[in-house]
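Colleague: From the sequence below, what's the structure:
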Amino acid sequence: ELLRIFDIPAACLPKICSSSEVYGECVGALAGVPLAGALGDQQAALLGQACVNVGDAKNTYGTGCFLLMNVGETPRISTKGLLTTLAYQLGDAKPCYALEGSIAIAGALVQWLRDNLGIIKESREIEALARSVPDNGDVYFVPAFSGLFAPRWRGDARGIIAGLTRFSNKGHIARAALEAAAFQTREVLAAMIADAGVEISALKVDGGMAGSDLLMQFQADLIEAPVVRPSQLELTAVGAAYAAGLAVGVYKSLDDIAAQTRESRRFTPDMTLQERARLVASWEKAVERSLGWAV
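Modeller: Numbers count the residues shown, from 1 in each chain. A predicted model of the protein is given here:
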């Protein structure tokens, strides 16, 4: 349809191939090495996490957060503000689809605290600062610097820090900044569960912020499910390697890939229902305050 609209001959476009097959061979220093895997970055991370069964979900915590859930061979058209995407197609097998939700600001908020407010000198200091207080002191940070992405899609939202008192300090702000990623992840994951009609057994995590024990425990508490951190946090390249390895016979099946994954730590929920409900209600109140600032 797009080709017709823009009057572009189909012959101008490259051949559609799967995510895992030999497309050709490298030249130069890598002459003869087969080029055999092609995936988008988040799709590669999904495969790198061995999310190969319906309901398997992963979240990459980087500058933003990027969640994908495997929904199997039939695409699910979201009614909850998510994207429907092709996860991967491995050789001649049927394509596998996913639901995707993007959060604009996660690790970028830590950078903002460092560069704009000077609360920390280096990003790695955020964890210790957040741990200097026992809780968030009822402070909530909605990092809607460029609006809110999935599942709300509110371009009129802007960033706010809510709940400040005379007793609030930089530790509370640091903790609220980390917790913001978890609150937003909870919203996206709830939308995925509603769209897919399946519950998750665990959330697999990767990316730089996944190294924060404080954040990962809080995430498990909010979603009421285990959070699984692998031994390797940079899974995008691993997933691309898996796709290439399947194409050239290094791996024989998805079971072989799943056998490669190594769990570093599992965070299990440890929060009362009442405390979770209180935190979520306060977060949602803060989000409401962030809306309508831009036109």
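
Colleague: all contacts plus neighbour counts: C-alpha atoms, from now on.
Modeller: Fine.

Colleague: centre of the chain versus stretch 133-142, how much separation?
Modeller: 23 Å (CA atoms, centre = their mean, to the nearest Å).

Colleague: before we move on, what about stretch 196-206?
Modeller: With CA atoms, centre = their mean, you get 12 Å for stretch 196-206.

Colleague: give the contact list for the closest residue to S231 other than its chain neighbours.
Modeller: Spatially, and ignoring its direct neighbours in sequence, S231 is nearest to S264 (4.5 Å; CA to CA, 6 or more residues apart in numbering). Neighbour list for S264: 228-231 [criterion: CA atoms under 8 Å, 6 or more residues apart in numbering].

Colleague: Return the set of buried residues in whichever helix in the chain runs longest.
Modeller: Ranked by residue count and defined by DSSP state H, the top helix of the chain is helix 170-196. Within helix 170-196, the residues that count as buried by 16 or more other CA atoms under 10 Å are 171-189, 191-193, 195-196.

Colleague: Ok, stretch 246-258 next?
Modeller: 246-248, 251, 254, 257.

Colleague: just checking, which of the residues you listed belong to helices?
Modeller: Per DSSP H, the subset of those in helices is 246-248, 254, 257.

Colleague: Where do the helices of the stretch 1-150 of the chain begin and end?
Modeller: For the stretch 1-150 of the chain, the helices defined by DSSP state H, counting those that start in this stretch cover 2-6, 41-48, 107-112, 126-131.

Colleague: Can you tell me which of the ones you listed is nearest to C12?
Modeller: helix 2-6 (10.0 Å; CA to CA).

Colleague: Just list what that closest one packs against, helices and strands only.
Modeller: Packed against helix 2-6, as judged by 3 or more CA pairs under 8 Å, 6 or more residues apart in numbering; DSSP states H and E, are no other helices or strands.

Colleague: neighbouring contacts of that helix?
Modeller: Counting by CA under 8 Å, 6+ apart, residues outside helix 2-6 touching it are 9-10.

Colleague: Tell me the gap between the worst-scoring helix or strand of the chain on mean pLDDT and the middle of its chain.
Modeller: Lowest on mean pLDDT, DSSP states H and E among the helices and strands of the chain sits helix 254-260, with a mean of 92. Relative to the chain's own centre, helix 254-260 is displaced by 22 Å; criterion: CA atoms, centre = their mean.
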